[in-house]
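The sequence and its predicted three-dimensional model are supplied below.
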Amino acid sequence: MFPMKIFKLIFWFTIIAFFTSCGNNLKHNEIKTKFDQTSNFGRFLSAQYSLKLGDNDIASKIISKSKDLQSDLTLAELNFNSYLINGDFDKAKEFKFVAPPELNKSPMYDLPDLIINLKNEKLINTKNFNFMKNQLPGFNIIFENINYMKLVKIDDFSNVTKNKSNIFKLLIFEDTKIENEVYLNMPKTNLSIIENILFLEYLKRKNLKRFNEEINNFSMRFNYDIKTLKSYYENQKIGNKKPNHKYVFANLFSYLSLILTSKKNVPNSYLKILNEISHYIEPTLGNSNYFLAQIYSNEKNFKIALNKLNRINQNSFMFFIFKN
């Protein structure tokens, strides 16, 4: 994995590049906003181009000028997706009431309802979302963990497969009678940065000796200052008790975006949606906004990248580790 401190240096270098090219960007935006979208086709092209550049707000404004969203499926779908990319899941749900009925054929159609329920810690019937599960990359993992949480609520672990474990499964079954089995079957090495952060929080609660060993390994692998790391875990309060549903799922969606980044057939728009879901469910989590800043920075949309960085909560790991 690319060392995150090196990325930080590259990121700030690109910020400098942004300011030096600011004049060209302003001229480009001026031309774009002056473009007169006189037809739905023109609006579609302009909005699609804006989304490609990462200018989600501009895309939404262009689409909103149309008077035919209730009948034009192409524009309606673009508008619906722009809400998702912007993280406006409440607006996306409201839009479904006025959108063409054919919009329900989109695999994203039920996404706002699912995410709003997760934010409210309501565990839905996953069988009603099979279409989404089969069409959206990674959502089989989401529904698997929803079903695990349901089993915890009814205290039924007879159908849980213990030999396929990960940190998210461990957190869900923490303080249950199968916690130790899940822990023993969980990989402890070559974890992603998100898995490592969560695993250290878990060890701090459960096994301080192992925690002290792993935090040193974490420091060396990701090139973090060990004193800064220890200071963070000494001062942070989130990891002192078993995390709630929102915290687990927010991390899970951010983790999905991380592992799907290397997939060639997964567009940036989808990665943005996953991280916006993470931020929507738990706004205090810094991972999602840090990864969003990476994506927008790679697209050379530095203004939005900075906006995402500014959303990082001061108590989050990402804020603490990079301010030092």
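Ah, there it is.

Would you agree residue 162 is in contact with residue 186?
No. Under the criterion of Cβ atoms under 8 Å, residue 162 makes no contact with residue 186, lying 9.7 Å away. Heads up, the C-betas are built off the backbone N, CA and C, glycines and all.

Between these two, point out the one with more neighbours.
residue 186 (19 against 16; other Cβ atoms under 10 Å).

ok, the residue nearest to the more buried one when sequence neighbours are not counted to residue 190 distance?
Leaving out its chain neighbours, the residue that sits closest to residue 186 by Cβ to Cβ, 6 or more residues apart in numbering is residue 165, at 4.0 Å. Applying Cβ to Cβ, to the nearest Å, the value for residue 165 to residue 190 is 15 Å.

and these two? which has more neighbours close in?
residue 165 (19 against 9).

Give me the pLDDT value at that one.
Residue 165 carries a pLDDT value of 90.

Contact partners for it?
If a contact means Cβ atoms under 8 Å, 6 or more residues apart in numbering, then residue 165 has 182, 183, 185, 186, 187 as its contacts.

Neighbour-wise, which one of those leads?
So for the contacts of residue 165 (other Cβ under 10 Å), the most neighbours sit at residue 182, 25 neighbours.

if you skip the residues just before and after it, what's nearest to residue 93?
residue 112 (3.9 Å).

Over to residue 210?
residue 203 (5.1 Å).

Could you tell me how far residue 165 is located from residue 141?
13 Å.

same check, this time on residue 292
Distance from residue 292 to residue 141, by Cβ to Cβ: 20 Å.

again, but for residue 89
On the measure of Cβ to Cβ, residue 89 and residue 141 end up 20 Å apart.

out of these two, which sits in the more crowded spot?
Taking neighbours as other Cβ under 10 Å, residue 89 and residue 141 compare with residue 89 leading, 22 against 18.

Not counting its neighbours along the chain, what's nearest that one?
residue 112 (4.5 Å).

ok, that neighbour - contacts?
83, 84, 89, 90, 92, 93, 96.

Got phi/psi on the closest residue to residue 243 other than its chain neighbours?
Spatial nearest neighbour of residue 243, excluding adjacent residues (Cβ to Cβ, 6+ apart): residue 171 at 5.7 Å. Backbone torsions for residue 171, taken as degrees, to the nearest 10, come to phi -60, psi -40.

tell me the domain boundaries of the chain?
Per automatic domain parsing, the structural domains of the chain span 4-106, 126-323.

how near is residue 271 to residue 245?
Distance of residue 271 to residue 245, computed by Cβ to Cβ: 23 Å.

Likewise for residue 303?
34 Å.

how about residue 102, secondary structure?
helix (DSSP: H, G, I helix; E, B strand; the rest coil).

Can you report how many residues neighbour it?
10.

Might one say that it is in contact with residue 80?
No. Taking Cβ under 8 Å as the definition, residue 102 is not a contact partner of residue 80, at 11.6 Å.

quick revisit: with distance to residue 119 added, can I get the domains of the chain in TSV?
Output for the domains of the chain, formatted as TSV (distance: least, Cβ to Cβ, whole Å):
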stretch	distance to residue 119
domain 4-106	8
domain 126-323	5
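
Which of these has the lowest mean pLDDT?
Among the domains of the chain, domain 4-106 scores lowest, with a mean of 65.

isn't residue 257 right next to residue 275, touching?
Yes. Counting by Cβ under 8 Å, residue 257 touches residue 275, with 5.1 Å between them.

Overlap in contacts, these two.
By Cβ under 8 Å, 6+ apart, the residues touching both residue 257 and residue 275 are 288, 291.

SS state for the residue nearest to residue 186?
Relying on three-state DSSP, one would call residue 165 coil.

Please report how far it lies from residue 240.
For residue 165 relative to residue 240 (Cβ to Cβ), the value is 23 Å.
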